[in-house]
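>>> here is the input, now give the coordinates:
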Amino acid sequence: MEWDGAEETLFDPIKNIQIGVYYLSILERDFNDLKTAIIAYNQGPYAVQERLTNNQELPNNYVDKVLNYYANLRGFSLEEVQNEIKATE
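A predicted model of the protein is given here:
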């Protein structure tokens, strides 16, 4: 996947999601762990690598929120998910 570098591309919801998923897949490959990849997506890969190198604990609050949200979404029907999305608009 290539990003054309144009800022307006990021405002296209489909392209934005495609770029985000692609980036997350790179992070998962690099860190070989989904949770660490999600933290790196949020905090930046260099910050996470520095913490790992210095044997510092990684913060879990963001990744826990993401995974809990994902679990909740999996339990919803499509209509319920669409209603939730509409409610936040």
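>>> show me which positions of stretch 31-38 end up buried.
Residues 31, 36-38 are the ones in stretch 31-38 that count as buried (16 or more other C-beta atoms under 10 Å). For the C-beta atoms, the positions are set from N, CA and C on the backbone; glycine is no exception.
>>> one more: stretch 35-52?
36-41, 45, 48, 51.
>>> circling back to that earlier point, can you redo the buried residues of stretch 31-38 as a markdown table with distance to residue 7 and pLDDT?
Formatted as a markdown table, the buried residues of stretch 31-38 follow (distance: C-beta to C-beta, whole Å; pLDDT from 0 to 100):
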| residue | distance to residue 7 | pLDDT |
| --- | --- | --- |
| 31 | 28 | 95 |
| 36 | 29 | 93 |
| 37 | 25 | 93 |
| 38 | 24 | 91 |
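>>> would you turn those into CSV with distance to residue 66?
Output for the buried residues of stretch 31-38, formatted as CSV (distance: C-beta to C-beta, whole Å):
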residue, distance to residue 66
31, 15
36, 12
37, 11
38, 5
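>>> return the subset of those lying in helices.
31, 36-38 (DSSP state H).
>>> out of the buried residues of stretch 31-38, who's nearest residue 58?
residue 36 (6.7 Å; C-beta to C-beta).
>>> hmm, the closest one is touching residue 58, no?
Yes: counting by C-beta atoms under 8 Å, residue 58 is a contact partner of residue 36 at 6.7 Å.
>>> which residues are common contacts for these two?
48, 52 (C-beta atoms under 8 Å, 6 or more residues apart in numbering).
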